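In: Show me the folded form of this:
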Amino acid sequence: MANMVNRATSFGCPPLPNGMPNVVCLCMSKPFKSGAKGGISSVCPNGSQTGDSRKWAISLCTEGN
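Out: Numbering: from 1, shown residues only. Predicted structure coming up:
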(Lines give C-alpha, C1' and ligand atoms only; values in the text may rest on other atoms or scores of the structure.)
Protein backbone atom coordinates (compact mmCIF):
# COMPACT_ATOMS: atom_id res chain seq x y z
CA MET A 1 0.00 0.00 0.00
CA ALA A 2 2.82 2.41 0.73
CA ASN A 3 4.02 1.80 -2.82
CA MET A 4 0.59 2.82 -4.13
CA VAL A 5 0.64 6.05 -2.09
CA ASN A 6 4.18 6.78 -3.25
CA ARG A 7 2.99 6.50 -6.87
CA ALA A 8 0.40 9.25 -6.33
CA THR A 9 1.54 11.33 -9.30
CA SER A 10 0.91 8.39 -11.63
CA PHE A 11 -2.74 8.54 -10.51
CA GLY A 12 -2.94 12.25 -11.33
CA CYS A 13 -2.42 13.37 -7.74
CA PRO A 14 0.52 15.74 -7.31
CA PRO A 15 1.89 16.13 -3.78
CA LEU A 16 0.64 18.82 -1.44
CA PRO A 17 2.80 21.97 -1.04
CA ASN A 18 4.42 20.39 2.03
CA GLY A 19 5.50 17.38 -0.07
CA MET A 20 3.05 14.93 1.48
CA PRO A 21 0.83 12.76 -0.74
CA ASN A 22 -2.55 14.25 -1.59
CA VAL A 23 -4.66 11.59 0.11
CA VAL A 24 -7.97 13.26 -0.75
CA CYS A 25 -7.07 13.14 -4.44
CA LEU A 26 -5.92 9.52 -4.17
CA CYS A 27 -9.10 8.44 -2.46
CA MET A 28 -11.15 9.90 -5.30
CA SER A 29 -9.00 8.21 -7.95
CA LYS A 30 -10.62 5.11 -9.45
CA PRO A 31 -7.25 3.79 -10.70
CA PHE A 32 -5.80 4.15 -7.19
CA LYS A 33 -8.72 2.30 -5.63
CA SER A 34 -8.52 -0.45 -8.23
CA GLY A 35 -4.76 -0.74 -7.86
CA ALA A 36 -5.04 -0.88 -4.08
CA LYS A 37 -7.57 -3.71 -4.27
CA GLY A 38 -5.41 -5.61 -6.74
CA GLY A 39 -2.28 -5.00 -4.69
CA ILE A 40 -3.88 -6.26 -1.51
CA SER A 41 -5.08 -9.39 -3.30
CA SER A 42 -1.69 -10.11 -4.86
CA VAL A 43 0.41 -9.41 -1.77
CA CYS A 44 -1.94 -11.23 0.60
CA PRO A 45 -3.11 -14.10 -1.62
CA ASN A 46 -3.82 -16.50 1.22
CA GLY A 47 -5.83 -13.87 3.10
CA SER A 48 -3.38 -13.73 5.98
CA GLN A 49 -3.38 -9.94 6.23
CA THR A 50 -6.05 -9.00 3.74
CA GLY A 51 -8.42 -7.70 6.41
CA ASP A 52 -5.77 -5.54 8.07
CA SER A 53 -4.65 -4.14 4.72
CA ARG A 54 -8.20 -3.28 3.71
CA LYS A 55 -8.83 -1.63 7.09
CA TRP A 56 -5.70 0.48 6.60
CA ALA A 57 -6.77 1.54 3.11
CA ILE A 58 -10.25 2.44 4.32
CA SER A 59 -8.87 4.41 7.25
CA LEU A 60 -6.54 6.27 4.89
CA CYS A 61 -9.54 7.53 2.96
CA THR A 62 -11.89 8.20 5.87
CA GLU A 63 -9.83 9.59 8.74
CA GLY A 64 -9.50 13.32 8.61
CA ASN A 65 -11.26 13.63 5.25
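
In: tell me which residues of stretch 20-38 are tucked away?
Out: In terms of neighbour count (16 or more other CB atoms under 10 Å), stretch 20-38 has its buried residues at Pro21, Asn22, Val23, Cys25, Leu26, Cys27, Ser29, Phe32, Lys33, Gly35, Ala36. Heads up, the C-betas are built off the backbone N, CA and C, glycines and all.

In: List the contacts of Val5.
Out: Pro21, Val23, Leu26, Leu60 (CB atoms under 8 Å, 6 or more residues apart in numbering).

In: Contacts only, for the third one.
Out: For Leu26, the contacting residues are Met4, Val5, Ala8, Phe11, Cys13, Phe32, Leu60, Cys61, taking CB under 8 Å, 6+ apart as the criterion.

In: Now do the phi/psi pair for the third one.
Out: Dihedral angles phi and psi of Ala8 (degrees, to the nearest 10) take the values phi -50, psi -40.

In: if I look at it, how far off is Ser53?
Out: As for Ala8, its distance to Ser53 is 18 Å (criterion: CB to CB, to the nearest Å).
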